[in-house]
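Student: Turn this into a structure:
(3 chains)
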Amino acid sequence: MSDPAVDEPAESDSAASESAKGDLAESAPTPNAKQRQLIENTAGIYVVDAGAGTGKTFAVTRRYAAIVDQPDVEPADVLLVTFTRSAATEMKERIVDHSTYSLRELADASIQTFHSHCLDLLEEHGYRAPTHLGIDDRITGATRVVEDELVEAELFREFLDGFQDDHPEYAEFFRALSDRSDLLDVVTEFASKGVFPTADGWYRDGESFVDGDFETFQDLFDEVNEPRNGGSKQSVLRSKLNGYGKRRTYLPDAPDKGVLRGDGTKQAPEETARRAFDEDREDLKAFVHDVYHEYLAFALSRSYLTFGFLQLFAFVLLCENESLRDRVSFEYVMVDEFQDTSEIQFKLALLLAGTDNLCAVGDWKQSIYSFQYADVENIRSFEDRIDRFASDLNDDQERVAFPVDDVETIELEENYRSTQSILDFSEETLVTPASNNEDVDEDVLDDVVSLSSNASFDNTTIEGIHHPDQHEAVLTKIQSIVGNDDYAVEDEDGDPRPPQFGDVAVLTRTRDFGRELLSVADDYDFPMAYDGGVELFRTDQAKLLLAWLRILESDADRGWAVVMEEAGYTLDEIDHVLENRNYPSNMVTFRERLDAMEAVGAVARRVFDRYGFTGEYADVILHTVQSLHDTSTLTRGDLVRIVERGIENGSTHDVVTSAGVDSVTVQTIHSAKGLEYPIVVLANMNAGKFPPNVGGSSVVQYEEPVGLRQRKIYADVEEHAHPHVYDNWTHDVLRHCLQDDNDEERRLLYVAVTRAENHVVFAGGEDPNTFYEELPFEGTRLDPAVEPVDRRETVQTQLPFSVVTPEGPTGHTPHTLMDDAVFEDADVELETTESMAFRGRDFGSRVHDFAEAYALGEDVSPTTDGHDDQRHVKAFIDGLSGDLHVEERAVLPLEIDGEQVTVSGIVDLVHETADRIEIIDYKTDQSRRAESEYRKQLSVYYHVVSECFPEKVVTARLFYTATNERRTIEPVSLAELEDVVRASS
DNA sequence: GGCATAATAATTTTT
DNA sequence: TTATTATGCC
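Tutor: Sure, this is the predicted structure:
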């Protein structure tokens, strides 16, 4: 145990009185000048450019505290909107530390996402909201929110079936759709922009949005129609129109290619814009309107709302009901992550603001959620938009009752995360072409607020490696980095220290790459963990398990086909075998062996053994299956259904790998947003992968300035006969004007780079992409030579428990059971805190020391050094009532193969009430991958306590201190524990 | 260099 | 389905 840990006195409310120290990110005790400007100016409209690592959360929470600590202001007067629920929780906790309010007092405060606030509004006042759109239905207590996208898609399909039957007049539109579910996208997108249908038209000025605005369109058109190379080269548009009508035939009234492109010119004629835009879209509008309106009615009749509809109805309600608007509006509104807001959310913020005390905080450079309808223009063109939206809302009555023309901009400039080299480099990512021919507009740099680093040293390396065996090359590179002084990272005192595996994060654009990398790492015993959701049931492991289960159940063809294909049979061979039911004998033998097994868990295990699936996916599938049902009562049929359902709805599960504490993290860039790592490896920079050279494919799409585009395809009677005949050629012109460029890809690149504190490595495969080629770093071919890792030497894992000599516990309270003497006799090796070092800080002990002291009621308060662990622990413990016991040890006697052995386990906290005992183990977020081992450790204690206190409900939980997640753990069965002990002895 | 055509390969994920 | 890149021709 080390570390000064908790030496900071409880902080006072006034930022000014705090001591000037602390060099770590978000929670530096003293705000810098710009942060102070934001914190202290709470009246008026502010838009805050808060770049990566500039202490945004810190400033926002302090500002909130400053607002509510004013004499006449209560938390009920303030709305603080966050992007995710967990961000809301985090905000609350951090505010508690800096205001006079307790967590309990803030429990009902409006610190939440737009969606949950809308839900609250509708639950309380939404009963008649649908009538404003001419829908004769109500939102009631029985109305639920469908959160799962796939469930919604299923419901929508069901709706469309009925709709199609009821509306034969729309048959031709349905024929034109390659995928009916595109219609759901249209509906969702309309909803996200505040365009709603009424019974016989569009809500408010919705129709003008649907029609689009020619002026705006013309600007876009002109932009792509600009001749290039000083007039010597045709415009992008003209070049693209070269393919006009290439593989399709239009109806006779379509203009000729030559007319649209212009003859002997470098650009398409101006007239082309008009022609394409003026296409008659009335029928299409009616179609989309009816789908939209009837779907809303359908959803309400089924008593459900989607995320998008929550906002839709809340918006309508606030628009229509003036007195309600007055009652529910806030004196102060703050919106965090403003770059991730959609158009309707911006408008909701205006409707919810009772005064002009409005604050939008974000970083346009980190806007990477456009697929979620985030609109980066909300923050980039804040002043224009607030002006436009407010006057739109005020067109028939005053809804935004304050002036919006006085907008103050605050730019946070000090970066607490990265070196200056990385910050400077990061700007390059925003102007790097994504493909060889792309012309990047360098003007975006004018909008970049350059950041200045306060790192204590700058030894940054930025480099690229590539090799066809990219996975191995990445591992090799990481091995050369770990322990290498050339890649020193910053320790807790701001001094350089050699990096460890835990300092490295591999970020990728896709989950797939992460998964592949992890499986290669597994071959070398390389300490690496995938952090994030995996569509577990869509893995090979799950599919093969399903196949064998189907074989067992009914000799199903689709079972045999899968396992035979896996075994390398050709399709012809498989057909032949299936026809004659003459299955390969080794497989038949295996089937018989499986058939003899009773428990499905055992079947699964045996299947995974056969295919050598020893990795985490197999593990998690087994675990998931077991935790879904009690293994003893789960039939094969049940399991088949579970896996099928899992495949169908693509449910993701957090994969828990057991690489030990000090291991490399693998994540998607999206999920790494907000996090930081000393060393970032940005992998899979291959042509076509990142950025992908793929465009949208939906047939009916909508963009605000253009309105609806339409393409109807009259397919020949013979399926897929070519050429199709299109009655609408406009789409083929318009689509070229609406191409969004690769800006968001560059922002993704930006997000990835700005996660790094000290070093960045780009990694590519056979064919590195343009980003890799164009960015200013040296890329070298790296021939992989991964050293197989002996984990016992290089990875400091925490042993789940040790096997010791027979000596059972004798006491009968859970706490005397953990008698020190018993424990010491047992000769258990205790890990030292050194082995838990986390990025150079004594992370584990920092948290544990604090947690222990705080749980024991000592007068300590969380440090604010850039990590939230202690704060999270404090909030967690504050929420517990009952007896707390810290650092408990358990020994559990087992009889294994006729021999008495005893295993021991340690837990951090035991929370005991009259009827429950809760066992809690603190873990850093970093250690999540070892969860399956921790499970076993917790289970030792679980079984001991359960046996001694049969009348109490015993639960085991892991508490991830960095992310403030609490996870209930399904204990490992005694039989399984015995297996583990057998294996380790 | 400019233009047209053929070959090629294709995503992220929260409420 | 569609955007990019490679290619072949002028």
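Student: how about the strands in the stretch 251-400 of chain A?
Tutor: Counting by DSSP state E, counting those that start in this stretch, the stretch 251-400 of chain A has strands at residues A:304-305, A:332-335, A:358-362.
Student: right, and the ones you listed - which one's nearest A:Lys266?
Tutor: Across the strands of the stretch 251-400 of chain A, the minimum distance to A:Lys266, taken as C-beta to C-beta, is reached by strand A:358-362, at 39.7 Å. For the C-beta atoms, the positions are set from N, CA and C on the backbone; glycine is no exception.
Student: Can you add mean pLDDT, mean neighbour count and distance to DNA strand B and give the strands of the stretch 251-400 of chain A back as a markdown table?
Tutor: A markdown table is the format used below for the strands of the stretch 251-400 of chain A (pLDDT from 0 to 100; neighbours: other C-beta atoms under 10 Å; distance: least, C-beta to the nearest atom of the strand, whole Å):
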| stretch | mean pLDDT | mean neighbour count | distance to DNA strand B |
| --- | --- | --- | --- |
| strand A:304-305 | 94 | 20 | 11 |
| strand A:332-335 | 97 | 26 | 13 |
| strand A:358-362 | 96 | 26 | 15 |
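Student: Please name whichever of the ones you listed is nearest to A:Phe777.
Tutor: For those, distance to A:Phe777 was read as C-beta to C-beta. The smallest value, 28.4 Å, belongs to strand A:358-362.
Student: Put the alpha carbons of the closest one into CSV.
Tutor: Coordinates of each C-alpha in strand A:358-362 appear next as CSV, following Å, rounded to 0.1, in the frame of the first residue of the first chain:
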residue,chain,number,x,y,z
LEU,A,358,-28.6,29.0,-22.5
CYS,A,359,-25.3,27.3,-22.8
ALA,A,360,-24.2,24.8,-25.5
VAL,A,361,-20.9,23.0,-25.0
GLY,A,362,-19.2,20.9,-27.5
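Student: which strands and helices sit next to it?
Tutor: Contact here means 3 or more C-beta pairs under 8 Å, 6 or more residues apart in numbering; DSSP states H and E; on that basis strand A:358-362 packs against strand A:45-50, helix A:56-68, strand A:332-335, helix A:343-352, helix A:377-380.
Student: quick one: that strand to strand A:45-50, angle?
Tutor: 10 degrees (axes from the mean of the first three to the mean of the last three C-alpha atoms, to 10 degrees).
Student: And the contacts of strand A:358-362?
Tutor: Residues lying outside strand A:358-362 but in contact with it, judged by C-beta atoms under 8 Å, 6 or more residues apart in numbering, are A:38, A:42, A:45-50, A:56, A:59-60, A:63, A:332-341, A:349-350, A:378-379, A:382.
Student: Just the buried residues of the host helix or strand of A:Ile877, please?
Tutor: Here A:Ile877 sits within helix A:869-878, counting by DSSP states H and E. By neighbour count, with 16 or more other C-beta atoms under 10 Å as the criterion, the buried positions of helix A:869-878 are A:869-877.
Student: Please apply the same query to stretch A:64-76.
Tutor: By neighbour count with 16+ other C-beta under 10 Å, stretch A:64-76 contains the buried residues A:64-68, A:75.
Student: then stretch A:382-402 to PDB, C-alphas only?
Tutor: Output in PDB follows, covering the C-alpha atoms of stretch A:382-402 (Å, rounded to 0.1, in the frame of the first residue of the first chain):
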ATOM      1  CA  PHE A 382     -24.900  28.000 -33.900                       C
ATOM      2  CA  GLU A 383     -25.700  31.700 -34.300                       C
ATOM      3  CA  ASP A 384     -27.400  31.200 -37.600                       C
ATOM      4  CA  ARG A 385     -29.400  28.300 -36.400                       C
ATOM      5  CA  ILE A 386     -30.500  29.700 -33.100                       C
ATOM      6  CA  ASP A 387     -31.700  32.700 -35.100                       C
ATOM      7  CA  ARG A 388     -33.500  30.600 -37.700                       C
ATOM      8  CA  PHE A 389     -35.000  28.100 -35.300                       C
ATOM      9  CA  ALA A 390     -36.200  30.800 -32.900                       C
ATOM     10  CA  SER A 391     -38.000  32.700 -35.600                       C
ATOM     11  CA  ASP A 392     -39.500  29.500 -37.000                       C
ATOM     12  CA  LEU A 393     -40.800  28.700 -33.600                       C
ATOM     13  CA  ASN A 394     -42.100  32.200 -33.100                       C
ATOM     14  CA  ASP A 395     -43.800  32.600 -36.500                       C
ATOM     15  CA  ASP A 396     -47.400  32.400 -35.200                       C
ATOM     16  CA  GLN A 397     -47.000  33.000 -31.500                       C
ATOM     17  CA  GLU A 398     -44.100  33.800 -29.200                       C
ATOM     18  CA  ARG A 399     -42.500  30.500 -28.100                       C
ATOM     19  CA  VAL A 400     -39.000  31.600 -27.600                       C
ATOM     20  CA  ALA A 401     -39.500  34.600 -25.400                       C
ATOM     21  CA  PHE A 402     -36.000  36.000 -25.300                       C
END
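Student: distance of A:Ile462 from DNA strand B?
Tutor: Counting by C-beta to the nearest atom of the strand, to the nearest Å, the gap from A:Ile462 to DNA strand B is 23 Å.
Student: Next: A:Gly162.
Tutor: Relative to DNA strand B, and taking C-beta to the nearest atom of the strand, A:Gly162 is found at 24 Å.
Student: ditto for A:Tyr750
Tutor: 14 Å.
Student: Setting aside sequence neighbours, what's the nearest residue to that residue?
Tutor: With C-beta to C-beta, 6 or more residues apart in numbering as the measure, A:Thr429 is the residue that lies nearest to A:Tyr750, at 4.6 Å, once sequence neighbours are left out.
Student: show me what contacts that neighbour?
Tutor: A:746, A:749-750, A:753, A:771, A:775 are the contacts of A:Thr429 under C-beta under 8 Å, 6+ apart.
Student: pLDDT at it, what is it?
Tutor: Model confidence at A:Thr429, given as pLDDT, is 93.
Student: before we move on, back to that, and the strands of the stretch 251-400 of chain A: which comes nearest DNA strand C?
Tutor: strand A:358-362 (27.1 Å; C-beta to the nearest atom of the strand).
Student: So what are the sheet partners of the closest one and their directions?
Tutor: Sheet pairing here is set by DSSP bridges, and for strand A:358-362 it gives strand A:45-50 (parallel), strand A:332-335 (parallel).
Student: Tell me how far it lies from the chain's centre.
Tutor: 22 Å (C-alpha atoms, centre = their mean, to the nearest Å).
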